[in-house]
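Visitor: just need the structure, nothing else, for what follows:
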Amino acid sequence: MPAAVELTEQDTETVRAIADFAFVLPRPEFSDFIGPILAKLREAGYQCMLLNPDQALALAQDCHTGQVQPPKVVISTNEGEFISGFTRSAKVLLAHSFFIRDTIPTPIEQGADHYFEFDYFFAPSTFYAEWTIRALYDANYVGLGYANAMDHGITKYVIPGGYAKALPPARKPGGPRPEQPLILYAPSVLSPEHTGHRFHLDGNQILFSLARAFPHARIVCRPHPSDRTRDFVPHMMALFASQGMDNVSFDLSVTPPPTLYADPDVLLTDMSGFAFVYEMLTRQRPIFFIPADECAKHPRFCALTCQFARLVNNVQQLLDVVQAQLNQPDVLEGDVAALFDSVFALPYNTVDALMADLVRIHQGERAEHWINLPVRYGTQR
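Guide: You can find the predicted model right below:
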């Protein structure tokens with residue numbers, strides 16, 4: 001199954017056809033979240049569309065005027081204006097991340113009112129479910145400001161799972177390692193709405209320090225795909241090229257090669273959920289580089305990393321931990337491994353489980369593992 005999808009001529013020509021499922025892809029870097037499930041549904045005989053937001057707006061307008069029947073289910077990785085027009089479709093928000101921190105601002109805090117027009121919210125981890133539930137209840141704090149959005153449904157459904165990327169097989173802990181070890185640096189996205197991203201501040205120092213301390217290693221930096229065109233990324237690449245540091249390279253692909261989730265011998269990030277997927281596949285603890293002042297802003301997240309990963313506050317600590325992990329795999333074991341699996345390794349994060357849930361939505365059915373969330377009680381006028 002493909003890891004990613006692109007809009008095709010067939011999709012463009014069939015946007016006016018009646019569909020079982022309409023997938024909307026606002027951001028191409030999230031195409032690997034829908035590629036496998038889109039292929040699976042088509043293989044099963046369901047009529048599926050793949051639309052960009054402009055096509056979705058046009059289709060919604062045609063549905064409103066009666067020119068076409070609305071799709072039974074509309075699925076998107078992001079909220080947007082386009083979702084408002086599908087008043088007769090079930091609306092599904094598919095998570096575009098495996099993990100989300102409790103300190104990430106909710107849609108209310110970012111003014112993203114279209115978020116509340118969805119009916120079903122997939123949550124790939126318990127931490128994602130926690131944030132989603134808080135995000136939905138946030139609407140009650142502002143009352144009438146979101147009354148129209150909430151009129152689309154008082155009851156919402158938070159569905160565990162939905163993370164169905166085409167990932168490589170899990171790696172056996174402590175297995176053979178290559179002669180040239182691979183260190184992957186995968187920072188989170190730069191966002192004006194929240195803190196945590198440090199790549200634009202610390203990236204140069206981190207990469208220079210790694211390159212000098214471990215000249216025998218292959219060091220790959222993968223900026224978040226939303227950051228790959230920001231000014232600081234090409235400037236950083238030019239700087240390393242001018243220094244002749246051949247052991248440092250940059251992966252600017254739109255979606256990550258599946259091998260990057262399992263091949264690294266050491267994985268370093270600031271606060272990216274990518275690290276926990278790596279940990280599930282390799283059973284090796286990732287490294288989180290979070291300065292002490294930043295840790296003070298994210299106490300719960302830093303407590304989590306101390307439990308399941310390695311937390312470092314400065315470059316010297318980083319180099320020490322990287323050296324230790326290159327000397328000996330830092331593998332999850334015993335009760336800690338069991339606890340990690342209980343909160344991260346949800347059985348519903350497969351393409352088959354996701355398909356089963358989407359078919360239930362299509363048929364108007366429910367499942368016992370869904371969280372039925374009455375956002376408000378009583379009757380709305």
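
Visitor: how far off centre is stretch 343-352?
Guide: 14 Å (Cα atoms, centre = their mean, to the nearest Å).

Visitor: got the end-to-end distance for that stretch?
Guide: Criterion Cα to Cα, to the nearest Å; first-to-last residue distance in stretch 343-352 is 20 Å.

Visitor: how about that stretch: buried residues?
Guide: 344, 346, 348, 349, 351 (16 or more other Cβ atoms under 10 Å). (C-beta placed from N, C-alpha, C; glycine too.)

Visitor: now do stretch 67-77
Guide: 68, 70, 71, 72, 73, 74, 75, 76, 77.

Visitor: check contacts around the closest residue to the second one other than its chain neighbours.
Guide: Looking back up the chat, that one is residue 70. Closest residue to residue 70 apart from its sequence neighbours, by Cβ to Cβ, 6 or more residues apart in numbering: residue 63 at 4.1 Å. Residue 63 sits next to 69, 70, 85, 86, 88 when contact means Cβ atoms under 8 Å, 6 or more residues apart in numbering.

Visitor: how many neighbours does the fourth one have?
Guide: I take that to be residue 86. Using other Cβ atoms under 10 Å, residue 86 is surrounded by 23 other residues.

Visitor: contacting residues for it?
Guide: 22, 60, 63, 70, 71, 74.

Visitor: so how far is residue 206 from it?
Guide: Distance, residue 86 to residue 206, using Cβ to Cβ, to the nearest Å: 44 Å.

Visitor: then stretch 274-294 to PDB, C-alphas only?
Guide: Provided in PDB are the C-alpha atoms of stretch 274-294 (Å, rounded to 0.1, in the frame of the first residue of the first chain):
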ATOM      1  CA  PHE A 274       7.900  11.100  15.700                       C
ATOM      2  CA  ALA A 275      10.200   9.900  18.500                       C
ATOM      3  CA  PHE A 276       7.500   7.700  20.100                       C
ATOM      4  CA  VAL A 277       6.700   6.000  16.900                       C
ATOM      5  CA  TYR A 278      10.400   5.200  16.600                       C
ATOM      6  CA  GLU A 279      10.400   3.900  20.100                       C
ATOM      7  CA  MET A 280       7.500   1.600  19.400                       C
ATOM      8  CA  LEU A 281       9.300   0.100  16.300                       C
ATOM      9  CA  THR A 282      12.800  -0.200  17.800                       C
ATOM     10  CA  ARG A 283      12.100  -0.400  21.600                       C
ATOM     11  CA  GLN A 284      15.000   2.000  22.000                       C
ATOM     12  CA  ARG A 285      14.600   5.200  24.000                       C
ATOM     13  CA  PRO A 286      14.800   8.400  21.900                       C
ATOM     14  CA  ILE A 287      16.600  11.500  23.200                       C
ATOM     15  CA  PHE A 288      14.700  14.800  23.800                       C
ATOM     16  CA  PHE A 289      16.800  17.900  23.800                       C
ATOM     17  CA  ILE A 290      14.900  20.400  25.900                       C
ATOM     18  CA  PRO A 291      16.700  23.300  27.800                       C
ATOM     19  CA  ALA A 292      15.800  23.700  31.400                       C
ATOM     20  CA  ASP A 293      13.900  26.900  30.900                       C
ATOM     21  CA  GLU A 294      11.700  25.200  28.300                       C
END
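
Visitor: now do it, average pLDDT.
Guide: Mean pLDDT, computed over stretch 274-294, is 94.

Visitor: for the buried residues of stretch 343-352, which one is nearest residue 299?
Guide: Nearest to residue 299 among those, counting by Cβ to Cβ, is residue 344 at 19.9 Å.

Visitor: thought that closest one was touching residue 278?
Guide: No: between residue 344 and residue 278 there is no contact under Cβ atoms under 8 Å: 11.3 Å.

Visitor: what distance separates stretch 226-245 from the centre of its chain?
Guide: 24 Å.

Visitor: and the contacts of it?
Guide: So stretch 226-245 is contacted by 27, 29, 187, 189-190, 199-200, 203-204, 207-208, 211, 221, 223, 248, 250, 252 (Cβ under 8 Å, 6+ apart).

Visitor: just stretch 25-40 next, same as before
Guide: The contact list for stretch 25-40, computed with Cβ under 8 Å, 6+ apart, reads 1-7, 23, 48, 50-53, 75-78, 80, 94-96, 163-166, 225-226, 254-256, 351-352, 354-355, 358.

Visitor: on that earlier part again, export the buried residues of stretch 67-77 to JSON lines and append columns for secondary structure, distance to residue 155 and pLDDT.
Guide: Below are these laid out as JSON lines (DSSP: H, G, I helix; E, B strand; the rest coil; distance: Cβ to Cβ, whole Å; pLDDT from 0 to 100):
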{"residue": "68", "secondary structure": "coil", "distance to residue 155": "28", "pLDDT": "88"}
{"residue": "70", "secondary structure": "coil", "distance to residue 155": "21", "pLDDT": "93"}
{"residue": "71", "secondary structure": "coil", "distance to residue 155": "21", "pLDDT": "95"}
{"residue": "72", "secondary structure": "coil", "distance to residue 155": "19", "pLDDT": "96"}
{"residue": "73", "secondary structure": "strand", "distance to residue 155": "17", "pLDDT": "97"}
{"residue": "74", "secondary structure": "strand", "distance to residue 155": "18", "pLDDT": "97"}
{"residue": "75", "secondary structure": "strand", "distance to residue 155": "19", "pLDDT": "97"}
{"residue": "76", "secondary structure": "strand", "distance to residue 155": "20", "pLDDT": "96"}
{"residue": "77", "secondary structure": "coil", "distance to residue 155": "23", "pLDDT": "94"}
